[in-house]
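**Student:** prediction below, plus the sequence it came from.
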Amino acid sequence: MTSCTPVYITPQHRRRLQDELTALRAQRSIEVPDDAMDYGGSSGVRPAARQARIREIEDLLATAAVRDDPASERTAGPGMVLTIRYDATGETETLLLGRRGAEGTDIDVYSMASPLGRCIAGARPGEQRIYAIPHDTGRLVTLLKAAPYHGPSRNHRARNDCRRRPLAPAGA
């Protein structure tokens, strides 16, 4: 991972990544002559995928800037959840900027290389930027809020999946 812009993570997120890395390293590799062999349900991730994830976590931990969420340093950058306002319409949008591994979340992820990512990178809350897209004039956007991404909420899915059971009849 070579980037001049650091990815900001919280100490809790760093601990989760370190725990995941420890668990991945603890898994035993299965040496097989044929890569297409079934590894079974209990052995977890295939060795190549596991090694790729280990490298990804190692790179992230080596380059990530850990912070406790100081309000004075909330600039738009990779790994930040941003709330922006499109000034012409007043519409707001919350997005995750330049962060892989956010699958299964309700939030849209924008690349740092996208027009919006390039436009808003480095902005602080309250700053306005011109968001230019091909074949269109610039649109004015304002960064309203920037906060580090904490990962998907563990309780969020459980809360949405809760279903009430029908009450049993009084005589049952």
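**Tutor:** On my side now, so go ahead.

**Student:** domain ranges for this structure?
**Tutor:** Following automatic domain parsing, one finds the domains of the chain at 8-31+41-66, 71-152.

**Student:** return the most buried member of these.
**Tutor:** Greatest average neighbour count among the domains of the chain goes to domain 71-152 (a mean of 16), per mean count of other CB atoms under 10 Å. Quick note: C-beta positions are derived from backbone N, CA and C, even for glycine.

**Student:** thinking again about what came up before, and the domains of the chain as TSV, adding mean pLDDT?
**Tutor:** Output for the domains of the chain, formatted as TSV (pLDDT from 0 to 100):
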stretch	mean pLDDT
domain 8-31+41-66	81
domain 71-152	85
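
**Student:** okay, how far is it across stretch 106-113, tip to tip?
**Tutor:** 21 Å (CA to CA, to the nearest Å).

**Student:** no wait, stretch 67-79
**Tutor:** End-to-end distance for stretch 67-79: 12 Å, by CA to CA.

**Student:** I'd say Gly117 and Gly98 touch.
**Tutor:** Yes. Gly117 is within contact range of Gly98, at 6.0 Å (criterion: CB atoms under 8 Å).

**Student:** what about Glu58, helix or strand, and which?
**Tutor:** Assigned by DSSP states H and E, Glu58 falls within helix 47-63.

**Student:** other SSEs contacting that helix?
**Tutor:** Counting contacts by 3 or more CB pairs under 8 Å, 6 or more residues apart in numbering; DSSP states H and E, helix 47-63 packs against helix 11-26.

**Student:** counting by contacts, list what the helix it packs on packs against.
**Tutor:** helix 47-63.

**Student:** the helix it packs on to helix 11-26, inter-axis angle?
**Tutor:** Orientation check (axes from the mean of the first three to the mean of the last three CA atoms, to 10 degrees): helix 47-63 against helix 11-26 gives 150 degrees.
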